[in-house]
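*Asks:* Below: sequence and its predicted model.
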Amino acid sequence: MKYSKLFGKTIKEISREETSVNAKLLTRAGFIRKEVAGVYNFLPLGLRALNKIAQIVREEMNKAGGQEVLLSSLQGKENWEKTGRWESFDALFRLASKFEKEYALGPTHEEVLVPLISEFISSYRDLPIYVYQIQNKFRDEARAKAGLLRGREFLMKDLYSFHADEKNMMEYYEKMKKVYINTFNRLGLSAIETRAAGGTFSKFSHEYQVICESGEDQIIYCPGGDYAENVEIIENPEKLENKQCDLGHGSLKRVKVAEVGNIFPLKNKFSEPFNLVYKDKDGKDQFVYMGCYGIGISRVMGVIVEVHHDENGIIWPRSVAPYQAHFLTVNNSRSTINKAEKIYNNLQKSGIDILYDDREVSPGEKFADADLIGIPARLVLSEKTGDKIEWKERNKEKKELLSIEEAEKRLKEEKEL
Ligand code: ATP
Ligand code: MG
């Protein structure tokens, strides 16, 4: 992609309303633009990063047996009344149509999926089954804040699992704990598995929390990794704080965190109102057991920026970067430009996603924009580099001179990872 043609450019000044690091950097770098409070448009760079995140999550859900669907955002009121959540779901957007019908704008999808899947589950042989989607959710949040961290419209992955009994549900729940940690690792986030309250139907749930100043939650955890709990459910958090870990890992810590995902044993909470039953081996009707598993895809993008940046801009983990390499020239002489065009075309032909800053602006401006945008590898061509190019990684100081072939080989290898 040539920067001169890119829809979405870097800017220096942004609205003072944006106070979080992720909203400031992503707006300045040309990834997102606010529509209204809590609602963002994704420009091409932003969508590329968002799609990379979604794709990693999709791969992990597929490996865990998930089948992808796309459910409706506009949902009939009747099913929300059946579960009682038309009244009780605080952040539900309720829409009145001019044709005298009312709808919910989907904040989550049990009310759609459970009645739908009941058409396909009749016997124990139909279970277990795992269904997920990656879709915009809508929630009338009291306070939308911190950029992508809490929106009124946001992208979520939600997986729902359906089982014959509680044991089978819990086996999958335990399996998903590992899948989640692995997924967040691939996304460049080290998430802490945290015990949290379960609501009306289960004693517990688990949240995946990333240490981060703009996060809204607090947890107390053992850095040794054997304990983590959301402060909200701890009776006397002050007593726990700084207590020594029973296993000798030192003192427990209290930190601010952002929840990037959570998993819930739903048991029969939704199978009862929709009479989601199956016939067991004796031909008797039994309620289906369910679990649900969410990941906030757009929030993940915000958290990645909160965690991976410096004073000059974003530092994308390779796995989710919008482009693999950011290519620029220091001078704009005819011969340099000609050489650069060739290198750009060749790299593109060999399948490297490359952003080429082809503008006639000062080198300082190009370097500053490269740092702000945060693509992992920066390649520079100048009179000084001759037939070679300078290779610098966004998160390192070291600069290397590589032949074009060496640079291409390295980029290809990184792509395979
Ligand atoms: P939170 O505790 O942050 O309000 P939640 O417990 O309501 O979230 P779920 O309804 O289970 O979360 O949603 C699954 C995931 O979706 C969350 O773990 C979070 O990463 C993300 N998410 C939830 N609400 C928002 C929001 N308003 N904006 C962006 N992401 C969100
Ligand atoms: Mg939560």
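*Replies:* Perfect, I can see it now. Ligands and ions are numbered 1, 2, ... in the order given.
*Asks:* switch to C-alpha atoms for all contacts and neighbour counts from now on
*Replies:* Fine.
*Asks:* for the chain, what helix or strand is lowest in average pLDDT?
*Replies:* helix 237-240 (a mean of 89; mean pLDDT, DSSP states H and E).
*Asks:* Identify each buried residue in it, please.
*Replies:* P237, L240 (16 or more other CA atoms under 10 Å).
*Asks:* Using CSV, write out every CA atom in it.
*Replies:* Provided in CSV are the C-alpha atoms of helix 237-240 (Å, rounded to 0.1, in the frame of the first residue of the first chain):
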residue,chain,number,x,y,z
PRO,A,237,-9.6,-7.2,49.9
GLU,A,238,-7.6,-5.0,52.2
LYS,A,239,-6.8,-8.0,54.3
LEU,A,240,-5.7,-10.1,51.3
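*Asks:* which residues are contacting that helix?
*Replies:* For helix 237-240, the external contacting residues (CA atoms under 8 Å, 6 or more residues apart in numbering) are I220, V231, L252.
*Asks:* Next, count neighbours for the residue nearest to the first one when sequence neighbours are not counted.
*Replies:* Leaving out its chain neighbours, the residue that sits closest to I220 by CA to CA, 6 or more residues apart in numbering is R254, at 4.4 Å. Applying other CA atoms under 10 Å, we find 20 residues neighbouring R254.
*Asks:* got the residues of the stretch 201-350 of the chain near ligand 1?
*Replies:* Taking CA under 6 Å from any ligand atom as the contact definition, the stretch 201-350 of the chain meets ligand 1 at E259, V260, G261, N262, G294, I295, G296, R299.
*Asks:* Show the pLDDT at the residue nearest to I220.
*Replies:* pLDDT recorded at R254 is 96.
*Asks:* Could you export the contacts of helix 237-240 as JSON lines, including neighbour count?
*Replies:* Output for the contacts of helix 237-240, formatted as JSON lines (neighbours: other CA atoms under 10 Å):
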{"residue": "I220", "neighbour count": "22"}
{"residue": "V231", "neighbour count": "22"}
{"residue": "L252", "neighbour count": "20"}
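*Asks:* So what's the gap between stretch 286-299 and the chain middle?
*Replies:* Taking the mean of its C-alpha atoms, stretch 286-299 sits 16 Å from the chain's own mean (CA atoms, centre = their mean, to the nearest Å).
*Asks:* what's the average pLDDT for it?
*Replies:* 98.
*Asks:* Can you name the helix or strand that V257 falls in?
*Replies:* strand 253-267 (DSSP states H and E).
*Asks:* for that strand, packing partners?
*Replies:* helix 166-186, strand 204-211, strand 217-221, strand 289-296, helix 297-307 (3 or more CA pairs under 8 Å, 6 or more residues apart in numbering; DSSP states H and E).
*Asks:* mind running it again at 7 Å?
*Replies:* strand 204-211, strand 217-221, strand 289-296 (3 or more CA pairs under 7 Å, 6 or more residues apart in numbering; DSSP states H and E).
*Asks:* ok, and for the first one, which residues are buried?
*Replies:* Spelled out, that is strand 204-211. Buried-residue list, strand 204-211, by 16+ other CA under 10 Å: S205, H206, E207, Y208, Q209, V210, I211.
*Asks:* for those residues, which one is nearest S319?
*Replies:* Of all the buried residues of strand 204-211, V210 has the smallest distance to S319: 17.7 Å, by CA to CA.
*Asks:* is the closest one in a bridge, and if so with what?
*Replies:* With DSSP bridges as the criterion, V210 is bridged to A258.
*Asks:* Can you give me the pLDDT of it?
*Replies:* pLDDT, read off for V210, is 98.
*Asks:* just I404 next, same as before
*Replies:* 95.
*Asks:* gap between it and Y344?
*Replies:* 10 Å (CA to CA, to the nearest Å).
*Asks:* What is the burial count for K98?
*Replies:* 7.
*Asks:* Give me the distance between the closest residue to ligand 1 within the stretch 101-250 of the chain and E259.
*Replies:* Closest approach between the stretch 101-250 of the chain and ligand 1, counting by CA to the nearest ligand atom: R150, at 3.5 Å. Separation of R150 from E259 (CA to CA): 10 Å.
*Asks:* Grab the nearest non-local neighbour of S122.
*Replies:* Closest to S122 by CA to CA, 6+ apart is Y278, at 4.7 Å.
*Asks:* The one you found and S123 touch, don't they?
*Replies:* Yes - judged on CA atoms under 7 Å, Y278 makes contact with S123 at a distance of 4.7 Å.
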